[in-house]
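*Asks:* Structure for this input, please:
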Amino acid sequence: MKKILSYLIVLCLMPCMSSAHPLKMAYTSVKYDEVKKVFEITHRVFQDDFEKTLHDTYRYTGGDVYINQKNQVTQKFVNEFFQKNFSIMINKSFTKLKYLKTEQKNQMGIVIYYETEKVDISKITSIQVYNFIMMESFKEQVNMFHLNINDEIKRTVKFEIDKTKENILL
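*Replies:* Predicted structure coming up:
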């Protein structure tokens, strides 16, 4: 009887276990580096969700994104994903983003680092952010975005499927 009961419990829990984690969230931080005169951008995403999206939507077959981060094919897919799903416009002009590296973090999967070209912050009048990260795969996705310019200007914005653009006037 105990054996049958334990099988039933496992069968009932299997659908819950197959969905990995219920939280669908990403976090993007944009911080101005006064020394380099660039914005440093970090995208924190759940690695399993990110790799599933790359595989299912972009046909990526290169395996673990962190382990293969120096592989040109992996970089191509990661860059294609972020170019399509994230952008920053400064004073109504798109800012070019340069891929730097990927790190693995226990709490939030992986962190993908980018930086902008040089920016003169004294001339910034507006910033517009487009954030559709992971939303093509998960309609319940929530993306948090934090902007920090020299600890003087701080903005936090929540992006969802029906709100993917935000104007941040300084």
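
*Asks:* after the helix or strand of the chain with the lowest mean pLDDT comes which helix or strand?
*Replies:* Within the chain, no helix or strand scores below helix 2-18, which has a mean of 41 by mean pLDDT, DSSP states H and E. Next along the chain after helix 2-18, taking DSSP states H and E as the criterion, comes strand 25-33.

*Asks:* Partner strands of that following strand and their direction?
*Replies:* strand 38-45 (antiparallel), strand 142-149 (parallel) (DSSP bridges).

*Asks:* Pairing partners for the residue most central in space within the chain in the sheet, please.
*Replies:* With distances taken as Cα atoms, centre = their mean, His43 lies nearest the centre of the chain, 3.9 Å away. Beta-bridge partners for His43, by DSSP bridges, are Thr28, Ile112.

*Asks:* Can you tell me how far it is from Phe145?
*Replies:* Counting by Cβ to Cβ, to the nearest Å, the gap between His43 and Phe145 amounts to 10 Å. Where C-beta positions appear, they are placed from N, C-alpha and C, glycine not excepted.

*Asks:* intersection of neighbour lists for the two?
*Replies:* Residues touching both His43 and Phe145 (Cβ atoms under 8 Å, 6 or more residues apart in numbering): 27-28.

*Asks:* Show me the shaky parts of this protein.
*Replies:* Across the chain, the ranges flagged by pLDDT under 70 are 1-20, 107-108, 170.

*Asks:* mind running it again at 90?
*Replies:* For the chain, the stretches with pLDDT under 90 are 1-23, 105-109, 152-153, 168-170.
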